[in-house]
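Asks: mind folding the following:
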Amino acid sequence: MSVNLIGSDIQMMREYYDEALEMQGIEAKYQFPHLATSNAQGEPVVDSYSEPIDTHIFFDGTPKVKTYKRLGWVVENDKELPFLIHCSFNLKNLQKDSLFHISGQYTGMPDRIFRVTELTTDLQAPDHVVAQVVPVYDTKQLVGRTDKEVETTFNTSNHFIKPKTDYRGDYYDTNNYTKG
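Replies: Model (predicted):
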């Protein structure tokens, strides 16, 4: 008897996990980003999202530090841990900045939107993917900011220096430097 799992065993485990998701999981809509990057401030800049895909997930709203350690993530305390979503290994284009829309289970509450910040799998038998997610409160900023919005948002001294401004606050032209 072999101790290691081979390809066909892992495929079978993934199929079992997908079946468990269908039977016991929470219905959700999933969207993956097109051409995802990040700006100088570290915010995600997403060109657009795919059409919503219906899927099932397991949602862990109160994960424990032990769970994070088992998955290989380092956490300092258990005060404000991010949520975890367990989803199918076969989910199309799952990546950082993907969105999960979870609707109210028993009421007509609006969808809650969660953005993926980290992804991992179990190292011994990768039968599903675990996504660390954070709630999205500003739904207007789901698709990245335009250059004009970034320029008006980050133009004060407590954010960053305005473009074409030196460290003294003087305007300069990149072709020929002039104080202005």
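Asks: helix or strand right after the helix or strand harbouring Thr55?
Replies: Here Thr55 sits within strand 53-60, counting by DSSP states H and E. Remark: after strand 53-60, the chain's next helix or strand is helix 65-71, criterion DSSP H and E.
Asks: residues contacting that following helix, please?
Replies: Asp60, Val74, Val75, Asn77, Asp78, Leu81, Leu84, Thr120, Asp122, Val130 (C-beta atoms under 8 Å, 6 or more residues apart in numbering). Any C-beta I mention is one placed from the backbone N, CA and C, and that applies to glycine too.
Asks: then stretch 23-30?
Replies: So stretch 23-30 is contacted by 52-59, 87, 91, 94, 98-103, 105, 111 (C-beta under 8 Å, 6+ apart).
Asks: partners of the strand holding Thr55 in the sheet?
Replies: Strand 53-60 has the following strand partners under DSSP bridges: strand 26-31 (antiparallel), strand 83-88 (antiparallel).
Asks: that strand: how far from the chain's middle?
Replies: Computed by C-alpha atoms, centre = their mean, to the nearest Å, the chain-centroid distance of strand 53-60 equals 14 Å.
Asks: oh, and call the first residue 516 from now on, that's how I've got it
Replies: Sure, I'll start counting at 516 from here, so that last one is strand 568-575.
Asks: that strand - what's its average pLDDT?
Replies: Average pLDDT, strand 568-575: 93.
Asks: export it to PDB, keeping only CA atoms.
Replies: This file holds the C-alpha atoms of strand 568-575, laid out as PDB (Å, rounded to 0.1, in the frame of the first residue of the first chain):
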ATOM      1  CA  ILE A 568     -20.100  32.500 -12.100                       C
ATOM      2  CA  ASP A 569     -22.400  30.400  -9.800                       C
ATOM      3  CA  THR A 570     -20.400  28.300  -7.300                       C
ATOM      4  CA  HIS A 571     -20.600  26.800  -3.800                       C
ATOM      5  CA  ILE A 572     -18.200  27.600  -1.000                       C
ATOM      6  CA  PHE A 573     -17.600  26.900   2.700                       C
ATOM      7  CA  PHE A 574     -17.300  30.200   4.600                       C
ATOM      8  CA  ASP A 575     -15.300  30.300   7.800                       C
END
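Asks: same for the lengthiest strand in the chain, what does it pack against?
Replies: Among the segments of the chain that qualify as a strand by DSSP state E, the longest is strand 627-636. Applying 3 or more C-beta pairs under 8 Å, 6 or more residues apart in numbering; DSSP states H and E, we find strand 627-636 packed against strand 598-603, strand 614-617, strand 643-650.
Asks: chain center to the longest one: distance?
Replies: I take that to be strand 643-650. Counting by C-alpha atoms, centre = their mean, strand 643-650 comes out at 7 Å from the chain centroid.
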